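Asker: whatever this is, show me its structure:
(chains A, B, C and D)
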Number of protein chains: 2
Amino acid sequence: MAKSFDKGVNYMISTKGRYGLRVMIDLAKNDNGSYIPLKDIADRQEISKKYLEIIVKKMVEGGLVKGSSGKGGGYKLVKKPEKYTVGEILTLMEGTISSVACLADKDYDCPRKKKCETLPMWKEFDKIVHDYFYKKKLSDLL
Amino acid sequence: MAKSFDKGVNYMISTKGRYGLRVMIDLAKNDNGSYIPLKDIADRQEISKKYLEIIVKKMVEGGLVKGSSGKGGGYKLVKKPEKYTVGEILTLMEGTISSVACLADKDYDCPRKKKCETLPMWKEFDKIVHDYFYKKKLSDLL
DNA sequence: GAAAAACCTATTGACATGGTAGGTAAATGG
DNA sequence: CCATTTACCTACCATGTCAATAGGTTTTTC
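Answerer: Numbering: from 1, shown residues only, chains lettered A, B, ... in the order given. Now for the predicted structure:
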């Protein structure tokens, strides 16, 4: 199941974000009111159920979805698809969506910020990224 | 010199890209026709010279700058600042600028591409990123 | 009470990141 | 010609993430 092209290199969005988003889409598309078992999602999405457990755990902790144990259990969305932004999903899964370390931690105060020639560009770019993903709704992907 | 906030997390742009860009800017700003020693750049940029060696090596290999050994040696740009795009610099330093693995390798042919609900978004986003960084020139940062 | 499901804990190998250390080769100025 | 300056080269390191796999426990329903 491992994708070799996914290894090593540092992408902005890892499998956590990509798979997480696909789980959300799957939950939205297959919503019938009751809980959807992870096995079904794993089968449809062709992702190992075991790995998805890790992904979905984060989504439960982050309040994106809720789970129910036992027979007839599974996962479901807590809001309507149009109420989720792709940005909030990716931020939860990736930790941050910032392109550079300097901007990811709001508390970090760079001593070079006054004279840094690149900071304005990173800020501008970060805003573009942020705007793109937070304007996009989960419902836009269905 | 190590920045704790820079560790572990996967940012789109690592120190290689950020420092590399700052070296380029430094070379552009301090261009007087002759070679600029790495020590001077390291001092001005407050980055360890040893680490910068690794960064600059990539830039030489990639043809962004040229170096000259011996006394009076150092590095210089091979083109005028307005002839460099930020995109080409970052792509060289980071390997790729693609946000997701699926799109980074042009030869990779995803078996799910037909039914993937997220692929169009990644493509759209990648284009935004690409356009942003390739329209921006090194000279825009001086 | 069996089955189905989430949930929990641990481990793994490979690799990137962000450096450090120490040495060799080349070119110049005096 | 030789000391100095500089790039250039090779190796190493600790830490952490990534992308999983493995196996067990709890919860719930039929």
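
Asker: spell out the secondary structure type for the residue in chain A positioned nearest to DNA strand D.
Answerer: Relative to DNA strand D, the nearest point of chain A is A:G70 (2.4 Å; Cβ to the nearest atom of the strand). C-betas here are computed from N, CA, C, even on glycine. Three-state assignment for A:G70 (DSSP: H, G, I helix; E, B strand; the rest coil): coil.

Asker: state the distance from it to chain B.
Answerer: Per Cβ to the nearest Cβ, to the nearest Å, A:G70 is found 30 Å from chain B.

Asker: which strands and helices sit next to the strand or helix carrying A:K39?
Answerer: Here A:K39 sits within helix A:38-45, counting by DSSP states H and E. Using 3 or more Cβ pairs under 8 Å, 6 or more residues apart in numbering or on different chains; DSSP states H and E, the elements in contact with helix A:38-45 are helix A:15-29, helix A:49-61, strand A:74-77.

Asker: can you redo the ones you listed as TSV with mean pLDDT, mean neighbour count and distance to B:T118?
Answerer: Below are the helices and strands packed on helix A:38-45 laid out as TSV (pLDDT from 0 to 100; neighbours: other Cβ atoms under 10 Å in any protein chain shown; distance: least, Cβ to Cβ, whole Å):
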stretch	mean pLDDT	mean neighbour count	distance to B:T118
helix A:15-29	97	22	6
helix A:49-61	98	16	14
strand A:74-77	98	20	17
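
Asker: which non-adjacent residue is nearest A:N30?
Answerer: A:I36 (5.6 Å; Cβ to Cβ, 6 or more residues apart in numbering or on different chains).

Asker: so A:Y19 sits right up against A:E46, yeah?
Answerer: No. In this structure A:Y19 lies outside contact range of A:E46 using Cβ atoms under 8 Å: 10.5 Å.

Asker: near DNA strand C, which residues of chain A?
Answerer: A:7-10, A:35-39, A:53-54, A:56-57, A:60, A:67-75, A:101 (Cβ under 7 Å from any atom of the strand).

Asker: now restrict those residues to buried residues only.
Answerer: Among the residues of chain A next to DNA strand C, the ones that count as buried by 16 or more other Cβ atoms under 10 Å in any protein chain shown are A:35-38, A:56, A:74-75, A:101.

Asker: what is the burial count for A:P120?
Answerer: By other Cβ atoms under 10 Å in any protein chain shown, 10 other residues sit near A:P120.

Asker: now it, what are its backbone angles?
Answerer: Backbone torsions for A:P120, taken as degrees, to the nearest 10, come to phi -60, psi -40.

Asker: neighbours around A:Y108, how many?
Answerer: So A:Y108, with other Cβ under 10 Å, has 14 neighbours.
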